[in-house]
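Engineer: From the sequence below, what's the structure:
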Amino acid sequence: MARMEGKRLWCLLLVGALSGCTTGGRPSPANANAPAARPTALPTAPRFGTSAEAEAALLALEDRRAFDVDVLTGASRSADPAIRARAALSLGRLGDDRGRPLLRELLTDALPAVRTAAAFGCQVQGDPTMTPEVSALLSDADPGVAAAAARAIGFLGRGDGQDALFQAIPRAASPQPRAPMLAALWKFSTPDVAAFASSYASDPDPKVRGAAIYTLARKPQEASLAILTGALNDSEADTAAIAARALGVLEKKESLPPLSSALEGGRIPVTVNALVAMEAILEKNPGAAVADSAKNRVLALAGDANGDVAIPSLVLLRQFAGTDRQVFSRLWSIATTGTGRRRQVALLSVAALLRGKAETALKAAADSRDAALRATAAEALAYLPAPDARPWRERFVGDKSVLVRLGVLTGIKGAESVRQNRDLVNSALTDPDPGVRAAAVDALGELGEPSILPLLQEAADKSQADAGPDVAVAVLGVCEKMRTDPGARPIVESLYRQPKTLVSRLARRCLLFYFRGDPSALPAQEYKTEKTPADYAGILTDARRPWRARIETTRGAFSFRLAGDAAPLTVVNFLQLAQKKFFDGVAIHRVVPNFVLQDGDPTGTGNGGPGYEIRDEINPLEYGRGTVGMALSGPDTGGSQWFVTHSPQPHLNGIYTVFGQVIAGQDVVERVEQGDTIERVTVTAEP
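Structural biologist: Next comes the predicted model:
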């Protein structure tokens, strides 16, 4: 998410819930249907003196990304169930195959909370061969265990997991496990899954019904069109909103009337997704009929005080402006005299409509002192014929603002455009800003031609001098796409040999997943943190204080509670940055309506950070409305960029670290517009 297009409070709640259990040995199973605990040998590792010592040792391993069999075995076989649960999480986060035997033991633990943690550990570790063991937990009498198993099976994505879910869902005793089981099916996205989920799409329980619609909607199939259309009227706004999104993905013009009706309901998530869906359908089906009443409604929404509503309305208006003079006048006025993000979006719409005749609007933007507006003008050149765009691009590539130079590359879309502007793209490979160089690598990747491989190697070599991994990440992404070319692998191998731990680990991951590398021949570098056990104990103590962050923006303030139990390294990092006033005065560089607000980049480009990276702390907290997470551009690439969700986003669960939850001012979160400023961030510990 630092170059991002992605859970209930857990860890210490779990520790607290288990702290009252006997610690003299494993208690008896809570129910007769739970899997029997495997007999285990006494720990071969030294016993920890205290639970705090064990937790600090596990946190140190996670921070170093180091696998210590003695520490992990001792924690996994601890008499304290809270430590066993914490060990399961560490085993998952470390992602080392050597942890599989310990995870298998923990999956059969006597306590439901430990089995739940082990299932999540299997999810995070991501080893599909664990599917049979995890599937066995779908019949667990504890609904939390069964739900965790279902989520893990979805992530692991193996066909026998789908079959196990099909069998378990009808047998589920309550909606608590049935809904997560249904939601997990979206990862498989087959006709069989669509048919199966359809039978639950009218379930009286809103969670079960919502999960079924979500599975049908996330990767929609045409056979589900009628059910998804009907779901626009669901009593749950989030369910109706995901159905609207799905109709946009399907791009069927017969969906325009029901989506138009959905604009009238006053439910913002539904309105936003319906607007986006209508634009996608009209882009696919030019000239498709839309009632005048719907056009007038969109025109009215374009002036809404809430940017979440106004922005997608301004995008949609481009579909009507060619035939409706009133609509065109509104767009033109905002594109030439408006302000902020609304002017930027209107300018893009005008350029898409007028193409080579948009010179007046482009010139006004190009002459502006607002770098974000100039960057939008550079991006809008994608809509102009190549000869008309060329002089503008030559002007913008020399702009002093990184944002504008990035806009030039953003506006060079598709292989043909890259070929036409190859000299500009090649020149960008020498830009002093690594984000611009990374964007140039991405652009070259559109070509997929062997001729770009020497340039990729040169970019990879030069990236060693960069503070961040942006260029290396971009090179790896292109090499993944070109993996069938014999010249791609040596470039990835050169990145694996880099001294930077993060880059080496990302390259190793690429070699294993895309080039069938031999793990035994590719040892993973460990991070050198220089922290002592006492330092990690202090991090845990500090993170677990009842911290609250207050974010003051130009549109008001909101507050969120930090989840130090679930993500101590992330929380302490955020606290330290806030106390240094790192976020004060920084522009909110990304807002996607009904999705996220994203901040924490002092450059305003989406590529900036604090000059270092922190480790991911993936945890079972879920992305609901107002959840705070860390932005990433790959595993362990977080630093200072964070985001807040506008609405539930289940597809982010288990991928991005959750470290907070909004407790006041969610309405402000959803009013903030891209380009607004964070005036100050204050962190305080509640008494």
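Engineer: My guess is Leu456 contacts Val441. True?
Structural biologist: Yes. Under the criterion of Cβ atoms under 8 Å, Leu456 makes contact with Val441 at 6.6 Å. C-beta here means a position set from N, CA and C on the backbone, and glycine is covered the same way.
Engineer: shared neighbours of the two, anything?
Structural biologist: Residues touching both Leu456 and Val441 by Cβ atoms under 8 Å, 6 or more residues apart in numbering: Val475, Val478.
Engineer: Comparing those two, which shows the higher neighbour count?
Structural biologist: More neighbours surround Val441 than the other of Leu456 and Val441, with 28 against 25 (other Cβ atoms under 10 Å).
Engineer: Could you say which helix or strand holds the more buried one?
Structural biologist: Using DSSP states H and E, Val441 falls within helix 434-445.
Engineer: what angle do the next helix-or-strand element following that helix and helix 434-445 make?
Structural biologist: Downstream of helix 434-445, the next assigned helix or strand under DSSP H and E is helix 453-462. Orientation of helix 453-462 against helix 434-445 (axes from the mean of the first three to the mean of the last three Cα atoms, to 10 degrees) gives an angle of 160 degrees.
Engineer: how distant is helix 453-462 from the center of its chain?
Structural biologist: 28 Å (Cα atoms, centre = their mean, to the nearest Å).
Engineer: Ok, stretch 297-306 next?
Structural biologist: Relative to the mean C-alpha coordinate of its chain, stretch 297-306 is positioned 28 Å out (Cα atoms, centre = their mean).
Engineer: For that stretch, measure first residue to last.
Structural biologist: Start-to-end span of stretch 297-306 (Cα to Cα, to the nearest Å) is 15 Å.
Engineer: Tell me which residues are up against that stretch.
Structural biologist: 260, 263-264, 268, 271, 275, 278, 309-310, 313-314, 316-317, 320, 326-327, 330, 334, 670-671.
Engineer: quick revisit: how far out from the middle of the chain is the helix holding Val441?
Structural biologist: Computed by Cα atoms, centre = their mean, the chain-centroid distance of helix 434-445 equals 21 Å.
Engineer: which strands and helices sit next to the strand or helix carrying Ala152?
Structural biologist: Assessed by DSSP H and E, Ala152 sits inside helix 143-156. With contacts taken as 3 or more Cβ pairs under 8 Å, 6 or more residues apart in numbering; DSSP states H and E, helix 143-156 sits against helix 112-125, helix 131-135, helix 159-171, helix 175-184.
Engineer: List just the one of the ones you listed that sits closest to Gly445.
Structural biologist: For Gly445, the closest of the helices and strands packed on helix 143-156 is helix 112-125, at 28.9 Å, according to Cβ to Cβ.
Engineer: count of neighbours near Leu577?
Structural biologist: Residues lying near Leu577 (other Cβ under 10 Å) number 18.
Engineer: Just put the helices and strands packed on helix 143-156 in JSON lines and tack on mean neighbour count and distance to Ala152.
Structural biologist: Below are those laid out as JSON lines (neighbours: other Cβ atoms under 10 Å; distance: least, Cβ to Cβ, whole Å):
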{"stretch": "helix 112-125", "mean neighbour count": "27", "distance to Ala152": "4"}
{"stretch": "helix 131-135", "mean neighbour count": "20", "distance to Ala152": "5"}
{"stretch": "helix 159-171", "mean neighbour count": "18", "distance to Ala152": "9"}
{"stretch": "helix 175-184", "mean neighbour count": "25", "distance to Ala152": "8"}
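Engineer: As a markdown table, those helices with distance to Glu617 would be great.
Structural biologist: As requested, the helices and strands packed on helix 143-156 are arranged in a markdown table below (distance: least, Cβ to Cβ, whole Å):
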| stretch | distance to Glu617 |
| --- | --- |
| helix 112-125 | 10 |
| helix 131-135 | 22 |
| helix 159-171 | 25 |
| helix 175-184 | 22 |
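Engineer: wait, which of those is closest to Glu394?
Structural biologist: Once Cβ to Cβ is applied to the helices and strands packed on helix 143-156, the stretch that comes out nearest is helix 112-125, at 48.0 Å.
Engineer: same question for that closest one, mean pLDDT?
Structural biologist: For helix 112-125, mean pLDDT rounds to 98.
Engineer: sorry, back to before: list only buried entries from the contacts of stretch 297-306.
Structural biologist: Among the contacts of stretch 297-306, those classed as buried by 16 or more other Cβ atoms under 10 Å are 260, 263, 268, 271, 275, 278, 309-310, 313-314, 316-317, 320, 327, 330, 334, 670-671.
Engineer: Sort out for me which of these are in helices.
Structural biologist: Using DSSP state H, the members of the buried ones among the contacts of stretch 297-306 that fall within helices are 260, 268, 271, 275, 278, 309-310, 313-314, 316-317, 320, 327, 330, 334.
Engineer: follow-up on the earlier one: now what about the helix holding Val441, what contacts it?
Structural biologist: 3, 402, 405-406, 409-410, 412, 418, 425-426, 428-431, 452, 455-456, 459, 462-463, 466-468, 470-471, 473-475, 477-478, 481-482, 603, 605-608.
Engineer: Put the buried members of those residues into a PyMOL selection.
Structural biologist: Entered in PyMOL, the line below selects the buried ones among the contacts of helix 434-445, by 16+ other Cβ under 10 Å:
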select buried, resi 3+402+405+406+409+410+412+418+425+428+429+431+452+455+456+459+463+466+468+470+471+473+474+475+477+478+482+603+605+606+607+608
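Engineer: sorry, back to before: so which of the helices and strands packed on helix 143-156 is nearest Gly517?
Structural biologist: Closest to Gly517 of these is helix 112-125 (Cβ to Cβ; 18.3 Å).
Engineer: quick one: that closest one to helix 143-156, angle?
Structural biologist: Interaxial angle, helix 112-125 versus helix 143-156 (the same axes, to 10 degrees): 10 degrees.
Engineer: Now find how far off-centre helix 112-125 is within its chain.
Structural biologist: On Cα atoms, centre = their mean, the centre of helix 112-125 falls 21 Å from that of its chain.
Engineer: Stretch 625-644 too?
Structural biologist: 7 Å.
Engineer: Repeat that for stretch 454-467.
Structural biologist: Centre-to-centre, stretch 454-467 and its host chain are 27 Å apart (Cα atoms, centre = their mean).
Engineer: And the average pLDDT for that stretch is what?
Structural biologist: When pLDDT is averaged over stretch 454-467, the result is 97.
Engineer: what's in contact with that stretch?
Structural biologist: Residues from elsewhere that reach stretch 454-467 (Cβ under 8 Å, 6+ apart): 426, 429, 434, 437, 440-441, 444, 469, 471-472, 474-475, 478-479, 490-491, 494-495, 498-500, 503, 611.
Engineer: residues contacting Ser224?
Structural biologist: Here Ser224 is in contact with Ala194, Ser198, Leu216, Ala217, Ala246 (criterion: Cβ under 8 Å, 6+ apart).
Engineer: Try it again at 7 Å.
Structural biologist: Ala194, Ser198, Leu216 (Cβ atoms under 7 Å, 6 or more residues apart in numbering).
Engineer: The residues you listed, buried ones only, as a PyMOL selection?
Structural biologist: To isolate in PyMOL the members of these that are buried, counting by 16+ other Cβ under 10 Å, one can use:
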select buried, resi 194+198+216
